[in-house]
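Participant: Sharing a sequence plus its predicted fold:
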Amino acid sequence: MMDFDFVCSRKEPSVVAMIYPFTGDHKQKFYWGHKEVLVPVYKNMADAMKKNPDADVLVNFASLRSAYDSTVETMTYPQIRSIAIIAEGIPENMTRQLNKMAAEKGVSIIGPATVGGIKPGCFRIGNTGGMLDNILSSMLYRPGSVAYVSRSGGMSNELNNIISLNTNGVHEGVAIGGDRYPGTTFMDHIIRYHDDPDVKIIVVLGEVGGNEECKIVEGIKNGRLTKPMIAWCIGTCAGMFTSEVQFGHAGACANAESETANAKNKALKEVGAHVPRSFDELGTLIKEVYDNLVSTGVVIPAPELPPPTVPMDYAWARELGLIRKPSSFMTTICDERGQELLYAGMPITDIFKEEMGIGGVLSLLWFQRRCPPYACKFIEMCLMVTADHGPAVSGAHNTIVCARAGKDLISCLASGLLTIGDRFGGALDGAAQQFTEAFDSGMIPMEFVNAMRKKGQLIMGIGHRVKSINNPDMRVVILQKYAKENFPATPLLDYALEVEKITTSKKPNLILNVDGFIGVAMVDLLRNCGCFTREEAQEYVNIGALNGLFVLGRSMGFIGHFLDQKRLKQELYRHPWDDISYVMPETSGMADLH
């Protein structure tokens with residue numbers, strides 16, 4: 001509607017506000033020519049009416065379930081003089097009640113079941129007239145000399161085209177809607193057109209069913225209608241059927257001979273209306289009548305002026321293949337645009353059919369490969385053993401404190417995740433990188449240990465606060481057994497186990513912990529499963545993919561702690577003061593200075 005307003009050279013948009021009861025009051029941006037403007041959106045109708053007292057037309061796009069109630073509410077505001085009801089399927093008894101109320105209040109209703117209407121150079125309802133290219137080709141951006149009325153919205157767009165090809169264009173056009181009881185009738189609009197001095201020709205596109213066209217016949221007979229009238233009633237093929245025919249519109253069914261299209265066309269022609277022999281000749285007949293009015297000076301065509309240019313919307317231009325631009329995002333792991341979700345090119349239904357599990361999904365989304373079943377199983381095992389390690393570790397502790405402070409799930413999870421780093425859980429990547437560099441450089445385990453000591457650096461993935469060589473971490477035992485039995489080769493794991501022998505000889509708890517084990521084992525998996533080149537395997541280590549296993553696994557535990565605290569209804573946590581060592585700075589010396 002606003003593109004139409006702009007191309008008509010309006011100074012301001014015709015739309016002053018929108019009413020949408022499902023969201024709060026806000027403003028929505030729309031294009032106005034080459035720039036964007038804000039249109040207020042109100043949650044209730046009263047506010048919209050109060051803020052815009054000059055608005056006198058409401059276009060009701062509500063569905064058939066709420067169109068009746070919203071139209072009734074609209075008619076309680078005297079400022080509204082015209083209402084267009086787009087919805088179809090409103091029960092006929094409700095439509096008749098609306099028509100009765102409108103008549104009592106002096107409100108004009110277009111519809112129901114209509115696309116609306118259009119007044120070139122001024123205003124259009126909804127998408128009447130079609131897209132902008134059709135608006136321009138049909139010259140609907142400025143007024144012509146021909147006014148039309150029809151029942152069908154689709155055929156009204158066809159009339160726009162026919163009239164623009166054969167005359168100086170449309171002055172006004174209305175589709176009253178295809179229901180049996182439209183809010184306004186053919187004659188309501190024809191009388192308006194007839195009394196408008198700028199309208200020189202009236203075109204009526206009627207149809208089978210009803211008796212609206214018969215009232216036009218009476219208007220011509222009694223002299224109320226004297227302007228050139230071109231009319232055609234569609235549905236003449238109904239006579240070819242042996243039984244009653246119900247066409248698409250609710251009112252398109254002849255219940256008497258006088259309601260047939262043929263009878264109406266005959267009656268209109270007999271009283272002097274211009275009636276073609278078929279719809280195909282409608283354009284030709286319109287041109288003949290128009291040319292005659294031009295030759296007699298009744299119509300004086302105005303010089304054609306170019307309308308303002310309206311940029312084509314990007315989405316439409318791209319669909320037509322007229323433009324291209326670099327993408328803001330690129331993705332190679334997921335595509336939701338088609339009929340079925342794809343993970344790395346694999347349909348989601350196939351993933352379930354082949355029972356790939358969460359390990360298989362991770363292999364597709366993280367590594368863009370369908371890894372072997374043993375690899376997917378190992379990934380799942382890593383998630384299982386890293387899911388939780390009790391409430392005392394920093395991540396779980398943070399999550400619990402946050403939950404007891406009344407925070408939501410996302411906040412508590414984030415609080416726990418933010419503790420992950422080199423000291424807690426984030427050693428997978430570091431361990432993988434350190435062991436890989438030493439192994440690939442040819443350093444023997446003892447050289448690696450001594451080199452790290454000289455640098456004053458800890459070996460990532462080595463050491464545990466509780467577990468030791470004599471009290472092994474069963475998580476590592478389980479994973480190590482699986483890797484040895486299923487991996488094609490474990491050279492880096494073997495190297496790390498040799499390092500462990502050296503470190504535990506110095507101190508029993510300097511074992512290969514679960515972070516270190518997963519780090520080196522994943523390198524062996526990536527390098528030897530046959531799905532990756534050595535360079536690709538190293539890239540995944542460098543970009544932090546291995547730490548992702550700990551983050552994903554431990555998130556399950558953090559969520560568990562959050563739910564546990566909520567279920568137990570634990571109160572706000574305050575750390576006991578007797579567990580804090582308060583060491584204040586000496587103040588006696590400072591007092592002596594005074």
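Facilitator: Structure's in. What do you need? Residues are numbered from 1 along each chain as shown.
Participant: I'd like to check which residues are in contact with Ile420.
Facilitator: Counting by CB atoms under 8 Å, 6 or more residues apart in numbering, Ile420 makes contact with Gly395, Gly426, Asn547, Phe550, Val551, Arg554. All C-beta atoms are positioned from the backbone trio N, CA, C, and that covers glycine.
Participant: redo that, cut-off 6 Å
Facilitator: By CB atoms under 6 Å, 6 or more residues apart in numbering, Ile420 lies in contact with Gly426.
Participant: Next one: it from Met556, what distance?
Facilitator: Separation of Ile420 from Met556 (CB to CB, to the nearest Å): 14 Å.
Participant: Next: Ala414.
Facilitator: When Ala414 is compared with Met556 (using CB to CB), they lie 15 Å apart.
Participant: and the longest helix for this structure?
Facilitator: Once the chain is assigned using DSSP state H, the helix that runs over the most residues is helix 545-568.
Participant: Pull the residues that contact that helix.
Facilitator: Here helix 545-568 makes contact (CB under 6 Å, 6+ apart) with 366, 382-383, 386-388, 396, 399-400, 403-404, 409, 412-413, 416, 425-426, 428-429, 432, 519, 522.
Participant: Could you measure from Pro91 over to Tyr181?
Facilitator: According to CB to CB, Pro91 and Tyr181 sit 10 Å apart.
Participant: Pick out whichever of those two has more residues nearby.
Facilitator: Tyr181 (19 against 10; other CB atoms under 10 Å).
Participant: Asp335 contacts Leu342, doesn't it?
Facilitator: Yes: look at Asp335 against Leu342 with CB atoms under 6 Å: they come within range, at 4.4 Å.
Participant: Same drill for these two, tell me which one is more crowded.
Facilitator: The neighbour comparison of Asp335 against Leu342 (other CB under 10 Å) goes to Leu342, with 17 against 13.
Participant: Report the contact partners of the more buried one.
Facilitator: Residues near Leu342 by CB under 6 Å, 6+ apart: Asp335.
Participant: show me where pLDDT drops low in this protein?
Facilitator: For the chain, the stretches with pLDDT under 70 are 238-257, 587-594.
Participant: which residue is nearest the middle of it?
Facilitator: Arg337 (12.0 Å; CA atoms, centre = their mean).
Participant: distance of it from Ala489?
Facilitator: For Arg337, the distance to Ala489 - CB to CB - is 40 Å.
Participant: now Ile348
Facilitator: Taking CB to CB, one finds Ile348 at 33 Å from Ala489.
Participant: cool, Ala263 as well?
Facilitator: Distance of Ala263 to Ala489, given as CB to CB: 91 Å.
Participant: what does His189 give?
Facilitator: 85 Å.
Participant: now stretch 371-385: how far from the chain's centre is it?
Facilitator: Computed by CA atoms, centre = their mean, to the nearest Å, the chain-centroid distance of stretch 371-385 equals 36 Å.
Participant: for stretch 322-336, that is, sorry about that
Facilitator: On CA atoms, centre = their mean, the centre of stretch 322-336 falls 17 Å from the chain's centre.
Participant: Just the C-alpha atoms of that stretch, please, in CSV.
Facilitator: Taking C-alpha atoms only, stretch 322-336 is exported to CSV below (Å, rounded to 0.1, in the frame of the first residue of the first chain):
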residue,chain,number,x,y,z
LEU,A,322,18.6,-9.2,-11.4
ILE,A,323,21.1,-8.7,-8.6
ARG,A,324,23.6,-10.6,-6.4
LYS,A,325,25.5,-9.8,-3.3
PRO,A,326,28.1,-11.5,-1.1
SER,A,327,26.6,-13.6,1.7
SER,A,328,26.8,-12.3,5.2
PHE,A,329,27.0,-15.9,6.5
MET,A,330,28.3,-19.2,5.1
THR,A,331,27.4,-22.6,6.5
THR,A,332,28.4,-26.1,5.5
ILE,A,333,26.7,-28.2,8.2
CYS,A,334,23.0,-27.6,8.1
ASP,A,335,20.3,-26.6,5.6
GLU,A,336,16.7,-26.0,6.7
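Participant: quick one: contacts of that stretch?
Facilitator: For stretch 322-336, contacts defined as CB under 6 Å, 6+ apart pick out Ala317, Leu342, Tyr343, Ala344, Leu365.
Participant: and the last one, what does it touch?
Facilitator: Residues counted as contacts of Leu365 (CB under 6 Å, 6+ apart) are Ile333, Tyr343.
Participant: Which of the three states applies to it?
Facilitator: Recorded secondary structure, Leu365: helix (DSSP: H, G, I helix; E, B strand; the rest coil).
Participant: quick one: it from Phe378, how far?
Facilitator: Here Leu365 is placed at a distance of 16 Å from Phe378 (CB to CB).
Participant: likewise the first one?
Facilitator: Taken as CB to CB, the spacing of Ala317 relative to Phe378 amounts to 49 Å.
Participant: Those two: which is more packed in?
Facilitator: Neighbour count, other CB under 10 Å: between Ala317 and Phe378, Phe378 has more, with 23 against 13.
Participant: hang on, that one is in a helix, isn't it?
Facilitator: Yes: under three-state DSSP, Phe378 falls within a helix.
Participant: Can you give me the distance of it to Ile286?
Facilitator: From Phe378 across to Ile286, the span is 78 Å (CB to CB).
Participant: the more surrounded of His189 and Ala489?
Facilitator: Ranked by neighbour count (other CB under 10 Å), His189 and Ala489 place His189 first, with 23 against 12.
Participant: Is it correct that that one is in contact with Ser150?
Facilitator: No: between His189 and Ser150 there is no contact under CB under 6 Å: 9.9 Å.
Participant: elements contacting the helix or strand harbouring Phe30?
Facilitator: Using DSSP states H and E, Phe30 maps to strand 26-32. Strand 26-32 makes packing contacts with helix 2-7, strand 35-42 when contacts are defined by 3 or more CB pairs under 6 Å, 6 or more residues apart in numbering; DSSP states H and E.
Participant: May I have the first one exported as PDB, CA atoms only?
Facilitator: The reference is to helix 2-7. C-alpha atoms of helix 2-7 as PDB (Å, rounded to 0.1, in the frame of the first residue of the first chain):
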ATOM      1  CA  MET A   2       2.800   2.400   0.800                       C
ATOM      2  CA  ASP A   3       4.700   1.700  -2.400                       C
ATOM      3  CA  PHE A   4       1.400   2.500  -4.200                       C
ATOM      4  CA  ASP A   5       1.100   5.800  -2.200                       C
ATOM      5  CA  PHE A   6       4.700   6.800  -3.100                       C
ATOM      6  CA  VAL A   7       4.300   6.000  -6.800                       C
END
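Participant: starting at the chain centroid, how far to it?
Facilitator: Centroid separation between helix 2-7 and its chain, computed with CA atoms, centre = their mean, is 25 Å.
Participant: And that helix, what does it pack against?
Facilitator: Where contact means 3+ CB pairs under 6 Å, 6+ apart, helix 2-7 is packed against strand 26-32.
Participant: go on, the last one?
Facilitator: Identification of packing neighbours for strand 35-42 by 3+ CB pairs under 6 Å, 6+ apart yields strand 26-32.
Participant: The same query, at a cut-off of 7 Å, please.
Facilitator: For strand 35-42, the packing partners by 3 or more CB pairs under 7 Å, 6 or more residues apart in numbering; DSSP states H and E come out as strand 18-19, strand 26-32.
Participant: And that strand, what's buried?
Facilitator: Residues of strand 35-42 classed as buried: Pro40, Val41, Tyr42 (neighbour count, 16 or more other CB atoms under 10 Å).
Participant: What of stretch 169-177?
Facilitator: In terms of neighbour count (16+ other CB under 10 Å), stretch 169-177 has its buried residues at Gly169, Val170, His171, Glu172, Gly173, Val174, Ala175, Ile176, Gly177.
Participant: Phi first, then psi, for the first one.
Facilitator: When read as degrees, to the nearest 10, the backbone of Gly169 gives phi 110, psi -180.
Participant: again, but for the fourth one
Facilitator: Taking degrees, to the nearest 10, you get phi -160, psi 150 for the backbone angles of Glu172.
Participant: Return the residues in contact with it.
Facilitator: Contacts for Glu172 (CB atoms under 7 Å, 6 or more residues apart in numbering) come out as Lys119, Ala147, Tyr193.
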